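J.: Just a sequence and a predicted model for now, questions to come.
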Amino acid sequence: MGGSTASLRAYVITRVILMVPMLVLLLTFTFIILRVAPGDPVSTIYGERGNPQVIDRIKTELGLYDPLYVQYFRYLHDVFTGHMGTSILTQRPVIDEIWSRMPATIELTLSSMLVASVLGIGLGTFAGTRRDRLPDFGTRLYGALAYNIPIFWFGLILKLVFAVWLGWLPVSGRFSPRLSTPPTVTGLYTIDSLLALNLPAFADAVAHLILPSLTLGIVLSGFFVRITRVNVIHAMGSDYVEAARARGIPERSVFFRHGLKNALVPVITTMGLTFALLFSGAILTETVFSFEGMGRFVYLALSYRDYPAIQGAVVYYGILMVIISLMVDILNAFVDPRIRY
């Protein structure tokens, strides 16, 4: 037991140490891509009609005329000291923009992951236990269609049907202007509404989440269906499952204690890594539904080549993805001790 704990501790420490070079590589790659691409944020924002002297002065103030190595090390210094600069577009500190918008994206991501997990794992398990039968074919068709639907198109269709035609759900935004937003504790309107015991506010926040979450969750569930189905089929045909059946263990126990448990190990890994897909999909989803989160902020920053905003968002996403990857690795190492060696 002590050796197992020590090996898990060593594995976690190694993964934490590796986080630093991974993050530096990500920041370096982002810096190079932004500088190699033609154009600059000041010229993009002010356009051709801007005063050349004003544009030149702003570029000088922002340090855009400094040598690239000077800009690079200043960028790394700002990141590791917690100062990410000021957004050229909004004239607000980037860190303030991130903290004000991050809860919206987290709320959307978690709710979308819930939709994707319930649909994907549920349907994938259902199909995997009925291989090559009609339910299996139907579920595989759903998975292929769902995963290949363009997010922006699917979001617009759901918005048109359920918000415009039927009027069942809000068209856009996170919260109705007719209601007072709950006191900010976490920044997640659903959680803050419950903490304030404000059920009307909670219902309104959930209503605004439904369409964006369904858009992103259903698309991602197509991928979960496929990977869950494959792993369930593989697990149920493995030697340890056959051995459990030979010992006379009831089929239900064989499935839940041996088959499904082992089938979900790679699925858990995939769920953690697909957070990257959720965040990239959130850019389109938040734009379609005017959902004021990080995705919409990144979209605007990319549109106007806002260097500090883009770099700050990459830092945020990079740190978040590294932490998620670490948590997934720890969870897998806890479930499957072979991973540590």
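T.: Great, that's in hand.

J.: any weak-confidence spans in the stretch 1-150 of the chain?
T.: Within the stretch 1-150 of the chain, the stretches with pLDDT under 70 are 1-8, 11-12, 37-50.

J.: which stretches of it form strands?
T.: Per DSSP state E, counting those that start in this stretch, the stretch 1-150 of the chain carries no strands over any range.

J.: where do the helices sit along it?
T.: Per DSSP state H, counting those that start in this stretch, the stretch 1-150 of the chain carries helices over the ranges 2-36, 41-46, 52-62, 68-80, 94-128, 134-147.

J.: The first one packs against which elements?
T.: Using 3 or more Cβ pairs under 8 Å, 6 or more residues apart in numbering; DSSP states H and E as the contact criterion, the elements in contact with helix 2-36 are helix 68-80, helix 307-335. Heads up, the C-betas are built off the backbone N, CA and C, glycines and all.

J.: Could you rerun that using 6 Å?
T.: Under the contact criterion of 3 or more Cβ pairs under 6 Å, 6 or more residues apart in numbering; DSSP states H and E, helix 2-36 touches helix 307-335.

J.: Then the third one?
T.: Contact analysis of helix 52-62 by 3+ Cβ pairs under 6 Å, 6+ apart lists helix 41-46 as its packing neighbours.

J.: ok so, going back, and of the helices of the stretch 1-150 of the chain, who's closest to L211?
T.: Among the helices of the stretch 1-150 of the chain, the nearest to L211 by Cβ to Cβ is helix 94-128 (10.7 Å).

J.: quick one: the closest one to helix 307-335, angle?
T.: Per axes from the mean of the first three to the mean of the last three Cα atoms, to 10 degrees, the angle that helix 94-128 makes with helix 307-335 is 40 degrees.

J.: Phi and psi next, for G82.
T.: phi 80, psi 10 (degrees, to the nearest 10).

J.: now the helices of the stretch 1-150 of the chain in CSV, with mean neighbour count and distance to F202?
T.: Output for these, formatted as CSV (neighbours: other Cβ atoms under 10 Å; distance: least, Cβ to Cβ, whole Å):
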stretch, mean neighbour count, distance to F202
helix 2-36, 13, 36
helix 41-46, 18, 39
helix 52-62, 13, 43
helix 68-80, 14, 37
helix 94-128, 21, 12
helix 134-147, 16, 29
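
J.: The nearest residue to G128 once chain neighbours are set aside: neighbouring residues, count only.
T.: Once flanking residues are discounted, G128 sits nearest to V232: 2.9 Å by Cβ to Cβ, 6 or more residues apart in numbering. Other residues lying near V232 total 25 when counted by other Cβ atoms under 10 Å.

J.: What are the buried residues along stretch 251-265?
T.: Residues of stretch 251-265 classed as buried by neighbour count (16 or more other Cβ atoms under 10 Å): V254, F255, H258, G259, L260, N262, A263, L264, V265.

J.: The closest residue in space to V164 that isn't next to it in sequence: helix or strand, and which one exactly?
T.: In space, and not counting its chain neighbours, V164 is closest to V171: 6.8 Å by Cβ to Cβ, 6+ apart. Using DSSP states H and E, V171 is not contained in any helix or strand.

J.: you'd agree V171 is up against W165?
T.: No. When contacts are counted by Cβ atoms under 6 Å, V171 is not listed as touching W165 (11.3 Å).

J.: okay, the two: which has more neighbours?
T.: V171 (14 against 9).

J.: Quick check: phi and psi on that one?
T.: Per degrees, to the nearest 10, the backbone of V171 is at phi -80, psi -40.

J.: how near is it to L158?
T.: According to Cβ to Cβ, to the nearest Å, V171 stands 11 Å off from L158.

J.: and the longest helix for the chain?
T.: In the chain, taking DSSP state H as the definition, the longest helix is helix 199-236.

J.: quick one, the helix or strand following that helix and helix 199-236 angle?
T.: The helix or strand immediately downstream of helix 199-236 is helix 239-246, counting by DSSP H and E. If you take the same axes, to 10 degrees, helix 239-246 sits at 90 degrees to helix 199-236.

J.: How far away from the center of its chain is helix 239-246?
T.: Relative to its chain's centre, helix 239-246 lies at 38 Å (Cα atoms, centre = their mean, to the nearest Å).

J.: Stretch 154-167 too?
T.: Its chain's C-alpha centre and that of stretch 154-167 lie 24 Å apart, by Cα atoms, centre = their mean.

J.: buried sites along it?
T.: By 16+ other Cβ under 10 Å, the buried positions in stretch 154-167 come out as F154, G155, L158, K159, F162, A163.
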